[in-house]
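A.B. asks: Provided below for reference: sequence and predicted model.
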Amino acid sequence: MITEKNVTALIDLDGTLADLDEAVISKLMEMASPIELEDYAKNGLPNREVPYIRARRNLIMRQPGFWSSLGIIPDGLTVLNAIREIGFKPMILSKGPSTKYLAWAEKIQWVRENFPGIPVTLTEDKSLSYGKIMFDDYKPYFQPWLDVRPRGLVICLATPDNEDIEPKYKDRVFRYHGQQDYEELYLRLKEAYER
């Protein structure tokens, strides 16, 4: 650890530390008919906004135990460990789904079981929370945070969903592609910490 300062790093759960996509895809495959499985093998899963896929995703995410049993994303753990090593005080900041009430309790359970000692805040608006950096994968959540934190830095695991960063945010968003980006990740985090 570099120094002993109280510098907060906001850490998302779904798609950052907790592997929501893997769990949903696994359950979607269990629900698929043989004809759908053949189609998925040829064409991949349909867009999540296709009505029947959206309905199935919602059904899956409302099942008791779904949120508390998500796996850990290895690259997310790498980023969290770098955040801690530099000296940031990590705080989990996750959006509570507005129609999946069980998810709120299970997200807290997941953190307590996997990362005891890290404080948890569940919110419907992440832009209200203060931190020097935010580790989040989802543009509609981290861009409003950047709007109110003009010196803030966002770290995100690189996905197709966060490829096209608006020009006004580009310098303040670092997309982590894995181990090949670790040195730059560490330097960006250290610079933000010492600022």
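C.D. replies: Received it, and whenever you're ready, just let me know what you need.

A.B. asks: Tell me how many other residues surround the residue nearest to Asn114 when sequence neighbours are not counted.
C.D. replies: Leaving aside its sequence neighbours, Asn114 sits nearest to Ile72 (CB to CB, 6 or more residues apart in numbering; 6.3 Å). (Glycine included, C-beta is placed from N, CA and C.) Neighbour count for Ile72, taken as other CB atoms under 10 Å: 14.

A.B. asks: now swap in Asp137 and tell me
C.D. replies: The number of residues packed near Asp137 is 25, by other CB under 10 Å.

A.B. asks: So it, which state does it fall into?
C.D. replies: The assignment at Asp137 comes out as coil when based on DSSP: H, G, I helix; E, B strand; the rest coil.

A.B. asks: Tell me how far it lies from Tyr101.
C.D. replies: According to CB to CB, to the nearest Å, Asp137 and Tyr101 sit 23 Å apart.

A.B. asks: Same question for Asp21.
C.D. replies: Taken as CB to CB, the span from Asp21 to Tyr101 is 22 Å.

A.B. asks: Which of the two has more residues huddled nearby?
C.D. replies: Asp21 (16 against 11).

A.B. asks: how about the CA coordinates for stretch 89-106, as CSV?
C.D. replies: Only the C-alpha atoms of stretch 89-106 are listed here, as CSV (Å, rounded to 0.1, in the frame of the first residue of the first chain):
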residue,chain,number,x,y,z
LYS,A,89,-10.9,2.1,0.4
PRO,A,90,-13.3,-0.1,-1.7
MET,A,91,-17.0,0.4,-1.4
ILE,A,92,-19.4,-1.8,-3.3
LEU,A,93,-21.9,0.4,-5.2
SER,A,94,-24.6,-1.6,-7.0
LYS,A,95,-27.9,-0.6,-8.6
GLY,A,96,-30.8,-2.3,-7.0
PRO,A,97,-33.2,-3.6,-9.7
SER,A,98,-36.4,-1.7,-9.5
THR,A,99,-38.6,-4.7,-10.0
LYS,A,100,-36.5,-7.5,-8.6
TYR,A,101,-36.8,-6.9,-4.8
LEU,A,102,-35.1,-10.1,-3.8
ALA,A,103,-32.0,-9.0,-5.6
TRP,A,104,-31.3,-6.3,-3.1
ALA,A,105,-30.9,-8.7,-0.2
GLU,A,106,-29.1,-11.3,-2.2
